[in-house]
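Trainee: this one's structure only:
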């Protein structure tokens, strides 16, 4: 069986992450390309002589031969396109974040359930060798009960260009929190068993928007999102998670980090390097596992998992409910920052 895929959004994330994933699976064929800038779709389709090209996604999803719709548009359009595609009987794979607000994320989940089709959002960090190893030992109980976590992705200078959709709140939904936070918060929640968030406290800052040395590209362009967000999340199992994400801040160097502390051990994952902290016979032990180079990139592994789920060979490890909880958290952090108080979910 060959699954026919129509892709909507043919910019950088499609070319760098989604396209290699679709091309890697022998039972997938890309048959249609769509982008609001038709020239982009035409350029993406140049090596696919039989593929159709559109500048209106509604025309693509109306094609009854298409089985899967891949979405890699600006954030604002994720939910609109996903819902329409699901209602047309398509399976949907969507770039993160799932949506720009909890209402839209819940609509996506509800429509997916009603349609009987698979909806999955990109969560590529779950597919690193380090994360998969940590997940196995946590599920085996080697670290005990995880109760305190910390995660973040902080950049010294890494604003993705003033004036583009990343720095325009109407299109993106936010700054580094919704851009980078999805990755690390999702991995922290997944590793700890996907507990439900119950309260959130957050702060956001916009300190570098008017600095050409920090934003770099279009000095007069729109920049109405935060450049740093921090917060604290409590979960229904009693665990808590500190978070921090920035596109620009005066730190030593860029760093991605995730740690959980458990009753029997803990771990840290810093710039994709895993360390374990345990105890044996009263002796503290630090371990630094060595992993082989991954056979396939994480984004490709995520898309391959999605395809295998569509084919009924695997069970989804990423569900629409995970997306709903994620967008609730992000929205609540922005609300908390604005109101200056804790938000209960």
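Mentor: Arrived safely. Bear in mind the structure is a predicted one, so any value in this text is a computation, not a measurement. Numbering: from 1, shown residues only.
Trainee: Quick one: the strands in the stretch 151-300 of the chain, in order.
Mentor: If DSSP state E, counting those that start in this stretch is used as the criterion, the strands of the stretch 151-300 of the chain fall at 197-205, 228-235, 240-246, 255-262, 266-270, 273-280, 283-287.
Trainee: Reformat those strands into TSV and put mean pLDDT, mean neighbour count and distance to residue 138 next to each item.
Mentor: The C-beta positions use only the backbone N, C-alpha and C, and glycine is treated the same way. As requested, the strands of the stretch 151-300 of the chain are arranged in TSV below (pLDDT from 0 to 100; neighbours: other Cβ atoms under 10 Å; distance: least, Cβ to Cβ, whole Å):
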stretch	mean pLDDT	mean neighbour count	distance to residue 138
strand 197-205	98	18	19
strand 228-235	98	22	15
strand 240-246	98	23	15
strand 255-262	98	20	8
strand 266-270	98	19	8
strand 273-280	97	15	11
strand 283-287	97	9	14
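Trainee: Centre of the chain to stretch 240-249, how far?
Mentor: Distance, stretch centre to chain centre, for stretch 240-249: 15 Å (Cα atoms, centre = their mean, to the nearest Å).
Trainee: now stretch 97-107
Mentor: Taking Cα atoms, centre = their mean, one finds the center of stretch 97-107 at 13 Å from the center of the full chain.
Trainee: still on that earlier bit, out of the strands of the stretch 151-300 of the chain, flag the one nearest residue 23.
Mentor: Distance to residue 23, taken as Cβ to Cβ, is lowest for strand 255-262 among the strands of the stretch 151-300 of the chain, at 27.1 Å.
Trainee: picking up where we left off before, minimum distance to residue 320: which of the strands of the stretch 151-300 of the chain has it?
Mentor: Smallest distance to residue 320 across the strands of the stretch 151-300 of the chain (Cβ to Cβ): 15.9 Å, for strand 197-205.
Trainee: ok, back up a step: next, format the strands of the stretch 151-300 of the chain as TSV and append distance to residue 335.
Mentor: Below are the strands of the stretch 151-300 of the chain laid out as TSV (distance: least, Cβ to Cβ, whole Å):
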stretch	distance to residue 335
strand 197-205	8
strand 228-235	11
strand 240-246	15
strand 255-262	24
strand 266-270	29
strand 273-280	34
strand 283-287	40
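Trainee: now residue 152, which residues is it bridged with?
Mentor: Taking DSSP bridges as the rule, residue 152 bridges to residue 244, residue 257.
Trainee: Just confirm it contacts residue 259, I think it does.
Mentor: No: under the criterion of Cβ atoms under 8 Å, residue 152 makes no contact with residue 259, lying 10.0 Å away.
Trainee: Contacts only, for residue 42.
Mentor: Shown in contact with residue 42 (Cβ atoms under 8 Å, 6 or more residues apart in numbering): 33, 53.
Trainee: List the residues that contact the closest residue to residue 199 other than its chain neighbours.
Mentor: Spatial nearest neighbour of residue 199, chain neighbours left out: residue 234 (4.6 Å); criterion: Cβ to Cβ, 6 or more residues apart in numbering. The contact partners of residue 234, by Cβ under 8 Å, 6+ apart, come to 197, 198, 199, 200, 240.
Trainee: Same check on residue 99?
Mentor: Going by Cβ under 8 Å, 6+ apart, the list of residues near residue 99 reads 75, 78, 79, 105, 107, 108, 173, 323, 327.
Trainee: ok, of the residues you listed, which one's closest to residue 28?
Mentor: Distances from residue 28 to these, taken by Cβ to Cβ, are shortest for residue 78, at 20.9 Å.
Trainee: how much space is there between that closest one and residue 119?
Mentor: Distance from residue 78 to residue 119, counting by Cβ to Cβ, to the nearest Å: 11 Å.
Trainee: who touches both of these two?
Mentor: Here residue 78 and residue 119 share the contacting residues residue 94, scored by Cβ under 8 Å, 6+ apart.
Trainee: Nearest the middle, which residue of the chain would you pick?
Mentor: By Cα atoms, centre = their mean, the mean C-alpha position of the chain lies nearest to residue 96, the distance being 4.0 Å.
Trainee: how near is that one to residue 256?
Mentor: Computed as Cβ to Cβ, the residue 96 to residue 256 distance reads 15 Å.
Trainee: now residue 11
Mentor: 23 Å.
Trainee: contacting residues for the nearest residue to residue 80 once chain neighbours are set aside?
Mentor: Take residue 80 and drop its neighbours on the chain: the residue closest to it by Cβ to Cβ, 6+ apart is residue 104, 7.9 Å away. By Cβ under 8 Å, 6+ apart, residue 104 lies in contact with 78, 79, 80, 327.
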